[in-house]
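Participant: model this:
(2 chains)
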There are 2 protein chains.
Amino acid sequence: MPVEPLAESAFIGALRGLSDRYWGTHPFHRRLHAGELDEHGLRIWAANRWYYQCQLPQKDAAIISNCPLPEIRRQWLDRIVYHDGGGLERWLRLCEAVGLERDEVLDERHVAPGVRFAVDAYVTFARTKPWWEAVASGLTEMFAGHLMQQRVADMLAHYPWIARADLDYFTNRIDKVSGEGKDTLDIVVRHCVTREQQDRAIAALSFKCDVLWSMLDAIERA
Amino acid sequence: MPVEPLAESAFIGALRGLSDRYWGTHPFHRRLHAGELDEHGLRIWAANRWYYQCQLPQKDAAIISNCPLPEIRRQWLDRIVYHDGGGLERWLRLCEAVGLERDEVLDERHVAPGVRFAVDAYVTFARTKPWWEAVASGLTEMFAGHLMQQRVADMLAHYPWIARADLDYFTNRIDKVSGEGKDTLDIVVRHCVTREQQDRAIAALSFKCDVLWSMLDAIERA
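Facilitator: Here you go, the predicted structure:
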C-alpha cells in the first residue's frame, strides 16, 4: 500500500524544521560574526568559500540539464546569470578586501581538501539526481536571508578594514535569496507530490546542510 | 614524443572537411527539399525532429555544467535562452502547420526509437565529455546556414499550405547560426591546442554528423 503524501503544510514544516542544521549556528560562523577571526582566518574563510561560489553556476547548469520542463529551466537560468553575471566578481572583491590576491583565490591553493570534497559532492548530487531533488537541496536559501543581513552588520562592526561595498555579495544576495527561497519552495511543493518524493526532498535539504556544515568544519581546521 | 598540433588553418580545414557528412545531403532531406514528401511524411519529420529540438537546452546546460570558465559559460547560455525563449515554440508552430496537434508532439508518440537513441547519445556525449569536446560537436552549425536558407525557399515553393511565418524557426535560426558557427569555431580553435584535443574535436564533429544522419535514417524508415 503506497504511503500517503504529507499535507503541504506538514511537508513545508518538515523542510523548515531543518533550519537548525543550517550553518548559521556553526562555531566558525559564530566566531566570524563575533569578530573573533584574525586576518588570516578571514582569508582562509573567503578563499575556501570561493570554491563553493565558483561551482554554483555548474551545479545550477546540471539541474537545468536534467530538467525536461522549459518553464523550470527558464526560471533556474536566472541563477547562472546571477553568479556569472556579477556574483562571482562580488565574492572576489570580498576576497581582495580581506587581503587576498586575486590569483591565489583563482588557483585554489588555499582550498582545503574537505571543502573540495563537500562542494564536489554537492555538484555530483545535482548532476546525478532528478532535477527536483537537486532543486530541493538548494532550499537552504530559505534560511539564508536573516543570516546574511546579520553578517553584513556584524562584519562592518567588527572588521573595520572591510567597507560596505566589499560586502556587496551579501547585500545583493539578500534580496535575491528572499525571493528565491519562496520560488524554490513553490517548485519543490508543486513537483514533489508522492510521499517518496517528499521524503527525498527532505533528505536532499538535509544533505545540503551537511555539505555546508562540513565546509566550515574543514575551514575551521585549515 | 608528443605529436605536433595541427596549424590552425589545417585544423579548421579538417573540421570544415566534414561538411559532406552533414545531413544536408541525406536522401530524406533531398526529398523534403524537392517537394516529394506527403503530409504524413512532413508530420513524421517534424514530430521526430521535435525530440532533437527539445533536448537541445538540456544538452547545452550539460556543456555549461562541465565548463569551469565563466566567459564560456556566459557565451553558451545564449543558446539555452534562444531555444527556451522562443526556439522550441517556433518548432511547435511548424509542427502545427504540417497538421500535428501540439499534444501529440509533446507526448512524443511519433518519435522513432532510432531518433531517440541518436539524440540521447548526443546529450550523453555533452554530459560525459570535456566541455570543449562537446562544444566541438556543435560545429555542425558551420554547415547549417546555407541549408536552412535553401529549406525556407524550397518548402515555400513545394508545400503551399505552409506559410512563411510557419518557418520562423528557420528564418530566425539562420542569422543565429551564421554568428554561432564562427563563435563556436573560435572557442574550439582557442581551447583545442594539443594534437590530441584537435583530433578529439574532429572526432566529435564527425560523431555529431553521425547523430544527425542516423536521425534521418530512422525518420525515413518510420
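Participant: And the pLDDT for residue A:178?
Facilitator: For residue A:178, the pLDDT comes out at 68.
Participant: Pull up the residues of chain A that are close to chain B.
Facilitator: When proximity is defined as C-beta under 8 Å from any C-beta of the partner chain, chain A approaches chain B at A:54, A:57-59, A:61-62, A:64-68, A:70, A:73-74, A:77, A:80-81, A:84-85, A:88, A:126-127. Glycine gets a C-beta too; all of them are placed from N, C-alpha and C.
Participant: Which positions within the helix or strand containing residue A:210 qualify as buried?
Facilitator: Using DSSP states H and E, residue A:210 maps to helix A:195-221. Of all the residues in helix A:195-221, those buried under the rule 16 or more other C-beta atoms under 10 Å in any protein chain shown are A:197-202, A:204-205, A:207-220.
Participant: In strands only, show me the residues of chain A next to chain B.
Facilitator: Within the residues of chain A next to chain B, no residue falls in strands by DSSP state E.
Participant: If you go by neighbour count, which of the residues you listed are buried?
Facilitator: With burial judged by 16+ other C-beta under 10 Å, the buried subset of the residues of chain A next to chain B is A:54, A:57-59, A:61-62, A:64-67, A:70, A:73, A:77, A:80, A:84, A:88, A:126-127.
Participant: Pull out the buried residues from the helix or strand of chain A with the lowest mean pLDDT.
Facilitator: One helix or strand of chain A scores below all others by mean pLDDT, DSSP states H and E: helix A:168-191, with a mean of 87. Neighbour-count burial for helix A:168-191 flags A:168-170, A:173-174, A:176-178, A:180-181, A:184-185, A:187-189, A:191 (criterion: 16+ other C-beta under 10 Å).
Participant: try stretch A:4-11
Facilitator: Across stretch A:4-11, burial judged by 16+ other C-beta under 10 Å covers A:5, A:6, A:11.
Participant: Name the surrounding residues that touch it.
Facilitator: Applying C-beta atoms under 8 Å, 6 or more residues apart in numbering or on different chains, the contact partners of stretch A:4-11 are A:14, A:189, A:192, A:193, A:194, A:195, A:198, A:201, A:202.
Participant: contacting residues for residue A:35?
Facilitator: Residue A:35 makes contact with A:154, A:157, A:158, A:159 under the criterion C-beta under 8 Å, 6+ apart.
Participant: how many neighbours does the second one have?
Facilitator: The burial count assigned to residue A:157 is 11, neighbours taken as other C-beta atoms under 10 Å in any protein chain shown.
Participant: separation between the residue lying closest to it once chain neighbours are set aside and chain B?
Facilitator: Excluding the flanking residues, the one nearest residue A:157 by C-beta to C-beta, 6 or more residues apart in numbering or on different chains is residue A:35, at 7.0 Å. Distance, residue A:35 to chain B, using C-beta to the nearest C-beta, to the nearest Å: 33 Å.
Participant: Could you grab the helix/strand/coil label for residue A:35?
Facilitator: coil (DSSP: H, G, I helix; E, B strand; the rest coil).
Participant: Please apply the same query to residue A:3.
Facilitator: Classification of residue A:3 by three-state DSSP places it in coil.
Participant: So for it, what's the pLDDT?
Facilitator: 88.
Participant: Verify the stated contact: it with residue A:195.
Facilitator: Yes. The criterion here is C-beta atoms under 8 Å, and residue A:3 meets it with residue A:195 at 4.2 Å.
Participant: show me the contacts for residue A:138.
Facilitator: A:184, A:208.
Participant: What strand or helix carries residue A:153?
Facilitator: Here residue A:153 sits within helix A:144-158, counting by DSSP H and E.
Participant: between that helix and helix A:168-191, how many degrees?
Facilitator: 170 degrees (axes from the mean of the first three to the mean of the last three C-alpha atoms, to 10 degrees).
Participant: which helices and strands sit right next to helix A:144-158?
Facilitator: Judged by 3 or more C-beta pairs under 8 Å, 6 or more residues apart in numbering or on different chains; DSSP states H and E, the packing partners of helix A:144-158 are helix A:27-33, helix A:168-191.
Participant: Please export the C-alpha coordinates of the first one as CSV.
Facilitator: The C-alpha atoms that make up helix A:27-33 are tabulated as CSV, following Å, rounded to 0.1, in the frame of the first residue of the first chain:
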residue,chain,number,x,y,z
PRO,A,27,31.0,27.6,15.7
PHE,A,28,33.1,29.0,12.9
HIS,A,29,30.3,31.3,11.8
ARG,A,30,29.7,32.3,15.4
ARG,A,31,33.3,33.4,15.6
LEU,A,32,33.1,35.2,12.3
HIS,A,33,30.1,37.1,13.5
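Participant: hmm, back to that, and the least confident helix or strand of chain A, how far out from the chain's middle?
Facilitator: Centroid displacement of helix A:168-191 relative to its chain, using C-alpha atoms, centre = their mean, to the nearest Å, is 11 Å.
Participant: For it, name the packing helices and strands.
Facilitator: Secondary-structure packing of helix A:168-191 (3+ C-beta pairs under 8 Å, 6+ apart): helix A:8-16, helix A:70-82, helix A:88-97, helix A:131-137, helix A:144-158.
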